[in-house]
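1. give me coordinates for this.
(2 chains)
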Amino acid sequence: MTICNRYNPEVISCFVDRELHDEKYQEVGTHLDRCKSCRELAKAYGEVDHMFEKNINITLSDLDLSATKSRIMERIDNQRQRGQRRDSESEVKIFPTLSQRNTLFDNICNLLENALVLKIRRGYLQMGLFAAVIFFSALYFDRYDFLSDTPATVSSHLISDPSITMVTSVAGDISSLMILESADKKMTIIWYKEV
Amino acid sequence: MKPDEKELIQGLRQRDNEAFELLVGIYQKRLMAIACGITLDREESLEIVQDVFLNVHQNIDTFREESGLMTWMRRITVNLCLNWKRRLSRRVQWHHQPIEAEEVLSCTDGDGTADTPESQYMAYESEQILMEKIAQLPEKVRTVLVLKVFEKMAYEEIAQTLGINSGTVKSRLYYARKFLALSMVSS
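-> Coordinates of the predicted model:
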């Protein structure tokens, strides 16, 4: 296939797709009326599309649409019944199901969007929420000033909280270690600091 | 969004069976064409389209109505097709057998006139070569071609559906056509 150098073949491809602005489209159309090689190229591009579409349509021509529709409705029904069964079986939900977690997150995102009167991408909201959790957790633990306090001062902060008991502590020249337990939440807190 | 589509969405949100049946009836053929064009596997396309409608049933409450239903389902279909191919290539070394153009021999071009046996055979050969070459296209390129050919979408619409820019759409389409047209000419 000989190619004329007047237009880049990509322009001919855009012409076939009618993706050129009006003036350019007219210009290329006029050229195609006169140039056999560009006309054949445009025809070849169009033929490729036409043959692909024809082939797939032939492949699907004997598809029993009502049977596929029935199959789809059957699967939707099964899904619905599975969902109802799951809801009725669980009496105590300790952790929400994935779909409930997603709905909860979506509700939080919708509330924030409404409050801020902004449409924010879900990904950014997710990052923001995560950063907020980390920040407030850091603020909470900063109450005890772990980074600068010695075991004695830390334990005095913590032991003033009646739910926390110190199990053991070791203070050395190089490092200090303290192990605490909280009675109510059954957590073990290990505090370690290098001097 | 058209007013009747709003009613359909309302029915879907209420989990109305009739609304789902209507949805499937309207859109399944189009989604099948997209899935078949990308995967080139009819049976897998059937499974994928079923998964698309299940997905809609499960997630209709999160559908934001900024775009139409078809736009949303088209995106789901494309993602499921591309994920299918990735899962398949990881599981097993599989030599893909493209959809054969066997039925072409018995088809006329619609005007009722039969071609000569020679021209019919030439047409069959061309279509077989074309489908083999289409199977060799990278999926990202084939996906763009499918959306253009079957959905007649503009470059900008294809770009938004796939999350790429329209320049990339233009160059992928050009690459596909150049590759396929040259293959047809050389055959």
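
2. how about stretch B:33-51: buried residues?
-> The neighbour-count check on stretch B:33-51 (16 or more other CB atoms under 10 Å in any protein chain shown) flags B:33-42, B:44-46, B:48-51 as buried. In short, each C-beta sits where N, CA and C put it, glycine included.

3. so which of those also contact chain A?
-> Counting by CB under 8 Å from any CB of the partner chain, B:Ala33, B:Cys36, B:Gly37, B:Arg42, B:Leu46, B:Val49, B:Gln50 from the buried residues of stretch B:33-51 sit close to chain A.

4. ranges for the helices of the chain?
-> All of this is about chain A. A:9-16, A:22-34, A:36-60, A:65-89, A:98-116, A:122-142, A:151-159 (DSSP state H).

5. ah, I was thinking of chain B
-> For chain B, the helices defined by DSSP H occupy B:3-13, B:17-39, B:42-59, B:69-91, B:117-136, B:139-151, B:155-162, B:166-186.

6. and the third one, what's its mean pLDDT?
-> This points to helix B:42-59. Across helix B:42-59, the average pLDDT comes to 93.

7. who are the packing partners of that helix?
-> Packed against helix B:42-59 by the contact rule (3 or more CB pairs under 8 Å, 6 or more residues apart in numbering or on different chains; DSSP states H and E) you find helix A:65-89, helix B:17-39, helix B:69-91.

8. that helix vs helix B:3-13, what angle?
-> Between the axes of helix B:42-59 and helix B:3-13, defined by axes from the mean of the first three to the mean of the last three CA atoms, to 10 degrees, the angle is 80 degrees.

9. try the second one
-> Computed by the same axes, to 10 degrees, the angle separating helix B:17-39 from helix B:3-13 equals 100 degrees.

10. what helices or strands is helix B:17-39 leaning on?
-> Applying 3+ CB pairs under 8 Å, 6+ apart, one finds that helix B:17-39 makes contact with helix A:36-60, helix A:65-89, helix B:3-13, helix B:42-59, helix B:69-91, helix B:139-151.

11. can you tell me how far the residue nearest to B:Gln50 when sequence neighbours are not counted is from B:Gly25?
-> Sequence neighbours aside, A:Ile72 is the residue nearest to B:Gln50 in space, at 5.2 Å (criterion: CB to CB, 6 or more residues apart in numbering or on different chains). Counting by CB to CB, to the nearest Å, the gap from A:Ile72 to B:Gly25 is 10 Å.

12. more neighbours, the two?
-> Under the neighbour definition other CB atoms under 10 Å in any protein chain shown, A:Ile72 and B:Gly25 were set side by side, and A:Ile72 has more, 23 against 12.

13. surely the more buried one meets B:Gln28?
-> Yes - A:Ile72 is in contact with B:Gln28 according to CB atoms under 8 Å; the separation is 7.3 Å.

14. overlap in contacts, those two.
-> Shared contacts of A:Ile72 and B:Gln28 (CB atoms under 8 Å, 6 or more residues apart in numbering or on different chains): B:Val49, B:Phe53.
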